[in-house]
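Trainee: task: produce atomic coordinates for the following.
(chains A and B)
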There are 2 protein chains.
Amino acid sequence: MIENEHLISPLRRGRRPGTSSSRKAILDAARARFAEDGYATTIRKIAADAGVNPALVIQFFGSKEDLFAAVMSISPEALARIDQAFDGPEHGLGERVTRAHLTLWESDPQDSEALMAMLRAAVSTSQAAGQLREFIQARLLKQLGLRLHTDHDAPVRSGLASSMLMGVIVGRHIVQVPALAAEDLESVIRVVAPAIQMVLTGRREG
Amino acid sequence: MIENEHLISPLRRGRRPGTSSSRKAILDAARARFAEDGYATTIRKIAADAGVNPALVIQFFGSKEDLFAAVMSISPEALARIDQAFDGPEHGLGERVTRAHLTLWESDPQDSEALMAMLRAAVSTSQAAGQLREFIQARLLKQLGLRLHTDHDAPVRSGLASSMLMGVIVGRHIVQVPALAAEDLESVIRVVAPAIQMVLTGRREG
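Mentor: Residues are numbered from 1 along each chain as shown, chains lettered A, B, ... in the order given. Predicted structure coming up:
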């Protein structure tokens, strides 16, 4: 970052001095805290470790979820696209959620690399699995809130749907089973979306 | 194996001398050939490397598929249970396939450890992913044969179903997302099976 400071546009140069080093101190502190305490750590602790005010952490990163995503090099836009897919009418929910997950891996190389690194780490080490577990659970509860579900099954249903979509991505992009890798994205969505609709709602799309 | 030879029951001691060392030579040769040539290697090449007759390989291991499974420490019974689930009437297909996949991971610690090792390797190294890819594709074509499908989508559909079930297993047993890990197996099957039925058949059960 620092070495490319002269490449930043004049508009972004307007930030006050120290911004870029505070940002880096927060990210370093967050990385260490997430590794040590897991996702249950607090913005307050991270701010203390970084020697900044908690308000500055919020100003830079918005929320603990976005800070975790930044540590994992996932863009906040990527998370927002998944959340938005859960929003909206029940009609088409399976297709929106399927499309949001699969296009994340097929359209943005930086996000897909970051997700891949996260997945590899989670499959290889139980510490990384623990962090990811808490992050995913927190996101499931949030997606549940977005849908205003009262059904106690809702986190199970969205967790199963996300897991199944992750499986499709592993089969298609990581193991690269020929029959799946050769299929175009729209055909995959056509087969998978009705199944995800059933998992999420318990009902077939009418 | 050799060092425990004296622990083998009297019945198994009746095998002719050299059996256990030939078996080991075949497994070692197979491991090296699968690593070098991938799943496309032949029984003939493996037998030549092991210095035995190809017929002995078949006598010991049955088929290339079972030999690959033995190299990966997966029991032939485990593969047979998955294949059998694809057999039988379309009614209940999703439930049979879902149950066969999920119980494999929940009932037999040795098979689930072997599958876990295979999955970890496939996610971490592209060579392991390549071997697994060819093995899975060969199995998909076989499962397709079992169903006597003429539908050209069939390998795509069974590949997607297997991938989605693998995703459920990763979410529940590896990442251990709390909402999924806490759910009992029958409740998971109840949510997942109708979706797998739709992926496999394109139709809702009932």
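
Trainee: chain center to the helix or strand where A:A195 lies: distance?
Mentor: According to DSSP states H and E, A:A195 maps onto helix A:185-201. Centroid separation between helix A:185-201 and its chain, computed with Cα atoms, centre = their mean, to the nearest Å, is 20 Å.

Trainee: what of stretch A:58-77?
Mentor: 9 Å.

Trainee: over to stretch A:24-34?
Mentor: Distance of stretch A:24-34 from its chain centroid, counting by Cα atoms, centre = their mean, is 18 Å.

Trainee: alpha carbons of it, in CSV - could you do that?
Mentor: Output in CSV follows, covering the C-alpha atoms of stretch A:24-34 (Å, rounded to 0.1, in the frame of the first residue of the first chain):
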residue,chain,number,x,y,z
LYS,A,24,-2.8,-1.2,8.6
ALA,A,25,-2.5,-1.3,12.4
ILE,A,26,-6.2,-2.1,12.7
LEU,A,27,-5.9,-4.9,10.1
ASP,A,28,-2.9,-6.4,11.8
ALA,A,29,-4.5,-6.3,15.2
ALA,A,30,-7.7,-7.8,13.8
ARG,A,31,-5.8,-10.6,12.1
ALA,A,32,-4.1,-11.5,15.4
ARG,A,33,-7.3,-11.2,17.5
PHE,A,34,-9.4,-13.3,15.1
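
Trainee: buried residues, it. List them.
Mentor: For stretch A:24-34, a neighbour-count test (16 or more other Cβ atoms under 10 Å in any protein chain shown) marks A:25-27, A:29-31, A:33-34 as buried. For glycine as for every other residue, the C-beta is placed from the backbone atoms N, C-alpha and C.

Trainee: what does stretch A:68-86 give?
Mentor: A:68-72, A:74-75, A:78-79, A:81-82, A:85-86.

Trainee: which residues touch A:H173?
Mentor: Applying Cβ atoms under 8 Å, 6 or more residues apart in numbering or on different chains to A:H173 gives the contacts A:105, A:112, A:116, A:181.

Trainee: let's have the residues you listed in CSV, adding neighbour count.
Mentor: Listed next are these as CSV, based on neighbours: other Cβ atoms under 10 Å in any protein chain shown:
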residue, neighbour count
A:W105, 22
A:S112, 18
A:M116, 16
A:A181, 14
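
Trainee: re earlier: can you lay out the buried residues of stretch A:68-86 as JSON lines showing distance to A:Y39, secondary structure and pLDDT?
Mentor: Below are the buried residues of stretch A:68-86 laid out as JSON lines (distance: Cβ to Cβ, whole Å; DSSP: H, G, I helix; E, B strand; the rest coil; pLDDT from 0 to 100):
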{"residue": "A:F68", "distance to A:Y39": "6", "secondary structure": "helix", "pLDDT": "89"}
{"residue": "A:A69", "distance to A:Y39": "11", "secondary structure": "helix", "pLDDT": "86"}
{"residue": "A:A70", "distance to A:Y39": "14", "secondary structure": "helix", "pLDDT": "88"}
{"residue": "A:V71", "distance to A:Y39": "11", "secondary structure": "helix", "pLDDT": "87"}
{"residue": "A:M72", "distance to A:Y39": "11", "secondary structure": "coil", "pLDDT": "82"}
{"residue": "A:I74", "distance to A:Y39": "14", "secondary structure": "coil", "pLDDT": "82"}
{"residue": "A:S75", "distance to A:Y39": "19", "secondary structure": "coil", "pLDDT": "82"}
{"residue": "A:A78", "distance to A:Y39": "18", "secondary structure": "helix", "pLDDT": "83"}
{"residue": "A:L79", "distance to A:Y39": "14", "secondary structure": "helix", "pLDDT": "83"}
{"residue": "A:R81", "distance to A:Y39": "21", "secondary structure": "helix", "pLDDT": "87"}
{"residue": "A:I82", "distance to A:Y39": "17", "secondary structure": "helix", "pLDDT": "86"}
{"residue": "A:A85", "distance to A:Y39": "22", "secondary structure": "helix", "pLDDT": "90"}
{"residue": "A:F86", "distance to A:Y39": "20", "secondary structure": "helix", "pLDDT": "86"}
